[in-house]
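Peer 1: The sequence and its predicted three-dimensional model are supplied below.
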Amino acid sequence: AQRVTQPEKLLSVFKGAPVELKCNYSYSGSPELFWYVQYSRQRLQLLLRHISRESIKGFTADLNKGETSFHLKKPFAQEEDSAMYYCALSVSGGSNYKLTFGKGTLLTVNP
Amino acid sequence: NAGVTQTPKFRILKIGQSMTLQCAQDMNHNYMYWYRQDPGMGLKLIYYSVGAGITDKGEVPNGYNVSRSTTEDFPLRLELAAPSQTSVYFCASRRAGDTGTGNTIYFGEGSWLTVV
């Protein structure tokens, strides 16, 4: 069975500091990894997906299959980045079309 | 384009009452999901559906029922509400497809449910 682990429940940084939110996964096949963000009392929204290799709002994430990780990084955090971040894994193929989420990391960016 | 719409946004239930959380999407998505979000626990999948007439259990289905009579609607029913069902419920949907934008899941705004 697939699993997503986000080891940090809370992460606090100062504005302008680099930030890295960790995500590790376990799955024997080829997963698809995502980062979702939830701002205060809003719906979850997709931030990044690994297959796109894109940078959104200054965030990047690289899938490292050797370390089974998909860490989210931003070189200079902004106060508006304060939110809950969820790493998610999707197993494609067959009838297993669902996302498995980590428990989330609450990022606070202090002024 | 409304996306995924959930109603109600807030509801207080008494123990033993029943209710239905409504979810509708206007993107012609095949897949629909119900998640519950508990503090410190992340999101847990309750039920999901890969198309009209097809539903399946997720991680935490006990105490809930679903139906999918149309592509657009995926209501979640609580038959006998219990305090353990106090949570935030998110409905989500996704277009069929394994890669690219087809794998993006779109979420509703959430329904805050309190059982007292």
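Peer 2: On my side now, so go ahead. Numbering: from 1, shown residues only, chains lettered A, B, ... in the order given.

Peer 1: Can you pull the poorly scored residue ranges out of the chain?
Peer 2: As the question left the chain open, I've gone with chain A. Chain A contains residues with pLDDT under 70 at A:92-97.

Peer 1: right idea, wrong chain: chain B
Peer 2: Residues of chain B meeting the criterion pLDDT under 70: B:1, B:97-103.

Peer 1: which bits of it sit near chain A?
Peer 2: Contacts of chain B with chain A, taken as CB under 8 Å from any CB of the partner chain, map to B:31, B:33, B:35, B:40-43, B:45, B:48, B:50, B:56, B:58, B:90, B:92, B:94, B:96, B:98-100, B:103-110. Backbone N, C-alpha and C define where each C-beta goes, glycine included.

Peer 1: If we use 6 Å, what do you get?
Peer 2: By CB under 6 Å from any CB of the partner chain, the residues of chain B that approach chain A are B:31, B:42-43, B:45, B:48, B:98, B:103-105, B:107, B:109.

Peer 1: okay if I get these as CSV plus secondary structure?
Peer 2: Shown next, in CSV, are these (DSSP: H, G, I helix; E, B strand; the rest coil):
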residue, secondary structure
B:31, strand
B:42, strand
B:43, strand
B:45, strand
B:48, strand
B:98, coil
B:103, helix
B:104, coil
B:105, coil
B:107, strand
B:109, coil
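
Peer 1: residues from chain A in reach of chain B?
Peer 2: Going by CB under 6 Å from any CB, the residues of chain A near chain B are A:32, A:43-44, A:46, A:90, A:92, A:97-99, A:101-104.

Peer 1: Quick one, which of those residues are buried?
Peer 2: Among the residues of chain A next to chain B, those classed as buried by 16 or more other CB atoms under 10 Å in any protein chain shown are A:32, A:43-44, A:46, A:90, A:97-99, A:101-104.

Peer 1: Spatially, which two of the residues of chain B next to chain A are the most separated?
Peer 2: Spanning the widest gap among these are B:98 and B:109, at 27.3 Å by CB to CB.

Peer 1: which strands and helices sit next to the helix or strand hosting residue A:36?
Peer 2: Applying DSSP states H and E as the criterion places residue A:36 in strand A:32-38. Judged by 3 or more CB pairs under 6 Å, 6 or more residues apart in numbering or on different chains; DSSP states H and E, strand A:32-38 is in contact with strand A:45-49, strand A:83-90.

Peer 1: what angle do it and strand A:83-90 make?
Peer 2: For strand A:32-38 against strand A:83-90, the angle by axes from the mean of the first three to the mean of the last three CA atoms, to 10 degrees is 160 degrees.

Peer 1: now the angle between strand A:45-49 and strand A:32-38, please.
Peer 2: Strand A:32-38 and strand A:45-49 are oriented at 150 degrees to each other (the same axes, to 10 degrees).

Peer 1: Just list whatever residues bridge to residue A:38.
Peer 2: The partner list for residue A:38 in beta bridges (DSSP bridges) reads residue A:84.

Peer 1: how about the strands of chain B, start to end?
Peer 2: Applying DSSP state E to chain B gives strands spanning B:4-7, B:10-13, B:19-25, B:31-38, B:42-51, B:54-57, B:64-66, B:76-78, B:87-94, B:106-107, B:111-115.

Peer 1: Give the buried residues for the third one.
Peer 2: Residues of strand B:19-25 classed as buried: B:21, B:23-25 (neighbour count, 16+ other CB under 10 Å).
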